[in-house]
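J.: Here is the input, now give the coordinates:
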Amino acid sequence: MTIEEINEIAKRYIEYLEKKMNIKLVIAQELTIYKTYGNVYFWGAQDTKKHRLAGNGPFLVESEAGRVLRFGTADPTEYYITQYENGNWKPGSNDIWYPN
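T.: Residues are numbered from 1 along each chain as shown. A predicted model of the protein is given here:
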């Protein structure tokens, strides 16, 4: 997938979350981590004075299939990235989102 296609999936995922949460959300593009296997995105409420979110950990959009994998918030992001890269991170069923 191209970077544009990966970014579009990330945008669609945020739109999905917005509908679910009924809050305007944004991706912090400047914090995006680019990897050969996909991009890790950070996100939050657009109006941080009005909405404080919990559990809004980063997510990975895989470049091969476009699958979205939600990372947790209990550990630093690098922990989840390392676990993913080593094949040791096993997402729960609620931690996977398919764009189609």
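
J.: And residue 16, how far from residue 74?
T.: 23 Å (C-beta to C-beta, to the nearest Å). Yep, even glycine has a C-beta here, placed from its N, CA and C like the rest.

J.: Have a look at those two and say which one is more surrounded.
T.: Using other C-beta atoms under 10 Å as the criterion, residue 16 and residue 74 rank with residue 16 on top: 14 against 8.

J.: show me what contacts that one?
T.: Residue 16 makes contacts with residue 97, as judged by C-beta atoms under 8 Å, 6 or more residues apart in numbering.

J.: Over to it. Which of the three states is it?
T.: helix (DSSP: H, G, I helix; E, B strand; the rest coil).

J.: mind checking pLDDT for it?
T.: Reading off the confidence values, residue 16 has pLDDT 95.

J.: now it: how far from residue 25?
T.: Applying C-beta to C-beta to residue 16 and residue 25 gives a distance of 10 Å.

J.: Tell me the buried residues in stretch 5-15?
T.: By 16 or more other C-beta atoms under 10 Å, the buried positions in stretch 5-15 come out as 6-7, 9-10, 12-14.

J.: typo on my end, stretch 19-27
T.: 25, 27.
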